[in-house]
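[1] Just to be clear, the model below is a prediction. Sequence and coordinates:
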Amino acid sequence: MSKILSLYNSLYEMYGPQGWWPLLELHGKKGCNPTKSGSIKGYHPDDYSYPKNKRQQFEICIGAILAQNTSWPNVEKALINLKDKRLLDAEKIISASDKMLSDAIRPAGYFNQKTKKLKIFSKFYKSLKGKTPSRGDLLNCWGVGPETADSILLYVYKQPEFVVDTYTKRILREMKIITSRHSYDDIKSLFEDDLSKDYKLFQEFHALIVEHAKRLKR
DNA sequence: AACCAGGACGTGA
DNA sequence: TCACGTCATGGT
């Protein structure tokens, strides 16, 4: 068995299914995981039927952008503010004033940049008219880099695109599978060449890596 | 009280 | 290409 696959097996055995991507709507619902620390109680372990509608799809897109180099509890605050102000919607974000938007997402940090990113993405999202974007389409959208693009493709559109984040790099570096100076795409194909292109597997693997990295710190 | 979070972009070499 | 500075709030 490859190192990559055995890493997945051991992480899954340690932590079990993670129920990513967390959603606001699942707050307090049965079936979600109430034990996750300091975050939206919107996890849905072992249930891969999410997102169930356009609203949840869009919420994940916005969450992915807000989560750029930002801790999830801060993203949660921003998402709740957006929801309270009825701004968790592409048309509303486009028509909202910059001040209104940046005010809502302030807890997620980088609020000036992210205000611009959310507006640009919302226009892009509307132009899709419900269709699944290509990876290139997403990368052409200002404010969407490789990790955000792959997160959206994997968790919104269930495309088997492996998400590489700082935790992934750190773990592979500690396992001496990579040195520094491997590109994002290098690491991405390291996983994808070794795993069956199964979106559930990819969703679970990335979530497990994040969970593992978080637990190591405490 | 520094340090870092589920990054991306602009710049100069 | 690529290394580095910038963006910003809130946890630990």
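    Good, I have the coordinates. Numbering: from 1, shown residues only, chains lettered A, B, ... in the order given.
[2] residues touching A:Asp103, list them.
    By C-beta atoms under 8 Å, 6 or more residues apart in numbering, the contact set of A:Asp103 is A:Asn81. In this view, the C-beta of every residue, glycine as well, is placed from N, C-alpha and C.
[3] do the same with the one 3 residues further on
    Neighbour list for A:Arg106: A:Ala78, A:Asn81 [criterion: C-beta under 8 Å, 6+ apart].
[4] Look up how far A:Ser122 lies from it.
    Distance, A:Arg106 to A:Ser122, using C-beta to C-beta, to the nearest Å: 18 Å.
[5] Are the regular element (helix or strand) spanning A:Phe202 and DNA strand B in contact anywhere?
    Secondary structure from DSSP states H and E places A:Phe202 in helix A:199-217. Yes - against DNA strand B, helix A:199-217 shows contacts by C-beta under 7 Å from any atom of the strand at A:Val210, A:Ala213, A:Lys214.
[6] between the residues you listed, which is closest to DNA strand C?
    A:Lys214 (10.2 Å; C-beta to the nearest atom of the strand).
[7] what's the burial count for that closest one?
    16 (other C-beta atoms under 10 Å).
[8] Equivalent analysis for the one 3 residues further on, please.
    Residues within reach of A:Lys217, counting by other C-beta under 10 Å, total 5.
[9] and the residue of chain A found nearest DNA strand B, what is it in contact with?
    The minimum distance from chain A to DNA strand B, using C-beta to the nearest atom of the strand, falls at A:Gly145 (2.2 Å). Residues in contact with A:Gly145 (C-beta under 8 Å, 6+ apart) are A:Gln68, A:Leu139.
[10] Next, work out how far apart it and A:Leu139 are.
    On the measure of C-beta to C-beta, A:Gly145 and A:Leu139 end up 7 Å apart.
[11] Which residues of chain A lie near DNA strand C?
    Going by C-beta under 7 Å from any atom of the strand, the residues of chain A near DNA strand C are A:38, A:69-71, A:73-74, A:77, A:106-114, A:181, A:183, A:218.
[12] Separate out the buried members of those.
    Buried residues within those, counting neighbours by 16 or more other C-beta atoms under 10 Å: A:Thr70, A:Asn74, A:Lys77, A:Arg106, A:Pro107, A:Ala108, A:Gly109, A:Tyr110, A:Phe111, A:Lys114.
[13] ok, the residue of chain A closest to DNA strand B to A:Lys214 distance?
    Note on A:Gly145: its distance to A:Lys214, by C-beta to C-beta, is 22 Å.
[14] How about the contacts made by whichever residue of chain A sits closest to DNA strand C?
    Using C-beta to the nearest atom of the strand, the single residue of chain A nearest to DNA strand C is A:Gly109, 2.6 Å away. For A:Gly109, the contact set (C-beta under 8 Å, 6+ apart) comprises A:Asn69, A:Thr70, A:Asn74.
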